[in-house]
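**Q** Sequence and predicted structure, then a few things I'm wondering about:
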Amino acid sequence: QGNMAFAGKYEFESDENYDEFVKKIGLPSDKVELGRNCKIVTEVAQNGNDFTWTQHFPGGRTTTNSFTIDKEADMETMGGKKFKATVKMEGGKIVAEFPNYRHTAEISGGKLVEISTCSGVVYKRTSKKIA
């Protein structure tokens, strides 16, 4: 897999359990609609253990989280809440504990697969590599 496996640009392809998950994490309804089947483009820059993870939303809004594996970083949630987290690498997966959910990301079959779990609800988002 190599350490640079994540670098690239990925476009939303499909997701599972979106509505159930965003209700669990308490996302406001206006944000729920914005995110549904949203062609989010995720751009990942990686330099060793340093990552810059940017999500481009239709309409020009972007969210960027920069972090270093195993070091505490300032992060932002889907709903725009700021928090501190230490991102880990477990068996080729990036793992982050958000305030009310656990998020993992991995490259599987050339796709970016992100899984968020909250109170037993598993939200899975798959994005295909476009650059």
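**A** Cool, got the structure.
**Q** give me the element the residue nearest the centre of the chain is part of.
**A** The residue lying closest to the centre of the chain (C-alpha atoms, centre = their mean) is Glu114, at 5.9 Å. Assigned by DSSP states H and E, Glu114 belongs to strand 111-118.
**Q** Next, the buried residues of the helix or strand just after that strand.
**A** With elements assigned by DSSP H and E, the helix or strand that comes after strand 111-118 is strand 121-129. The neighbour-count check on strand 121-129 (16 or more other C-beta atoms under 10 Å) flags Val121, Tyr123, Lys124, Arg125, Thr126, Ser127 as buried. Backbone N, C-alpha and C define where each C-beta goes, glycine included.
**Q** thought the fourth one was touching Glu106?
**A** No. Using C-beta atoms under 8 Å, Arg125 and Glu106 do not qualify as a contacting pair, with a distance of 11.8 Å.
**Q** Can you spell out which residues form a bridge with the closest residue to Val41 other than its chain neighbours?
**A** What sits nearest to Val41 in space, not counting adjacent residues and going by C-beta to C-beta, 6 or more residues apart in numbering, is His56, at 4.4 Å. Going by DSSP bridges, His56 is paired in beta bridges with Val41, Thr62.
**Q** gap between His56 and Lys39?
**A** Distance of His56 to Lys39, computed by C-beta to C-beta, to the nearest Å: 9 Å.
**Q** In terms of packing, which of the two has more residues around it?
**A** Per other C-beta atoms under 10 Å, whichever of His56 and Lys39 has more neighbours is His56, with 17 against 11.
**Q** Identify the residues contacting the more buried one.
**A** The contact partners of His56, by C-beta atoms under 8 Å, 6 or more residues apart in numbering, come to Ile40, Val41, Thr42, Glu43, Thr62.
**Q** now whichever helix or strand the fourth one is part of, how far from the chain's geometric center?
**A** In other words, Glu43. Taking DSSP H and E as the definition, Glu43 sits inside strand 41-47. In terms of C-alpha atoms, centre = their mean, to the nearest Å, the centre of strand 41-47 is set 11 Å apart from its chain centre.
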